[in-house]
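Visitor: Return a 3D structure for these sequence lines:
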Amino acid sequence: MLTLTTLDAFAPQPWRNGRGTTRQIMAHDAHASPSPHFWRVSLACIECDGPFSLFPGLVRQLALASPGKLTLEGIGTGGTTLGHPGEIIRFDGAAPVTASCHGRSVLAFNLMAAPAVPARLERHRTLFRLEHANTVALLPLQGEWRVEGCDRPLPTGMIAYGHTNGAITVEPVAPRMPACLIAAIISTSPTEKVMP
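Guide: Prediction:
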């Protein structure tokens, strides 16, 4: 069952290196270090330039979740710039990455997981279907989205998260609108304990 709530329902927490804040949406095995089953979904606010915290042994997937621009140095040759909401990058959590937000604070939707965890971060602009039971966090970037099994649409500024018991369909309420949705999907057991 998915819970729909505002992003403000998750209290901001300081980064490990103290240079930013993040709102943890969901996590598993968060206090077990290291754990081959660890994963975490969060929304970070990057307000100034500086290094990311290091997370050795994890795979990081990050998407720009607001207007603005985010340049990450330490990934590839010459760095990588995310310039449009919904753009995604994947990198090693042990990489010494430095971020530049070009003078404007930005939001980053993060999925960090141990390599053995079948986790993915995706962007969708049209109807899509989750075919199996998953633990999922759905973050609209533009427009309202209809999530099968939920009694109201999911608008920008809110998030749907939790466990799906089977296949569900997610679609924009207004298909002609250039809507965009990021979905973080972690294939897990329905008996797995998830921390909100």
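
Visitor: For this structure, which residues score under the pLDDT cut-off?
Guide: Confidence mapping of the chain against pLDDT under 70 gives the ranges 30-34, 133, 176-196.

Visitor: let's go with 80 and repeat that
Guide: Scanning the chain for pLDDT under 80 picks out the ranges 16-19, 29-34, 76-78, 131-133, 165, 175-196.

Visitor: Okay, buried residues for stretch 158-170 please.
Guide: Across stretch 158-170, burial judged by 16 or more other C-beta atoms under 10 Å covers 158-164, 168, 170. For the C-beta atoms, the positions are set from N, CA and C on the backbone; glycine is no exception.

Visitor: Take the residues you listed and write them to CSV, including distance to Thr98 and secondary structure.
Guide: Output for these, formatted as CSV (distance: C-beta to C-beta, whole Å; DSSP: H, G, I helix; E, B strand; the rest coil):
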residue, distance to Thr98, secondary structure
Met158, 32, strand
Ile159, 28, strand
Ala160, 32, strand
Tyr161, 30, strand
Gly162, 34, strand
His163, 36, strand
Thr164, 37, coil
Ile168, 38, strand
Val170, 35, strand
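
Visitor: Out of those, which comes closest to Leu62?
Guide: For those, the minimum distance to Leu62 (C-beta to C-beta) is 16.4 Å, reached by Ile159.

Visitor: For the residue lying closest to the closest one once chain neighbours are set aside, pull up the helix or strand it's in.
Guide: Distances taken as C-beta to C-beta, 6 or more residues apart in numbering put Leu139 closest to Ile159, at 5.2 Å, once the chain neighbours are dropped. Counting by DSSP states H and E, the element that carries Leu139 is strand 135-142.
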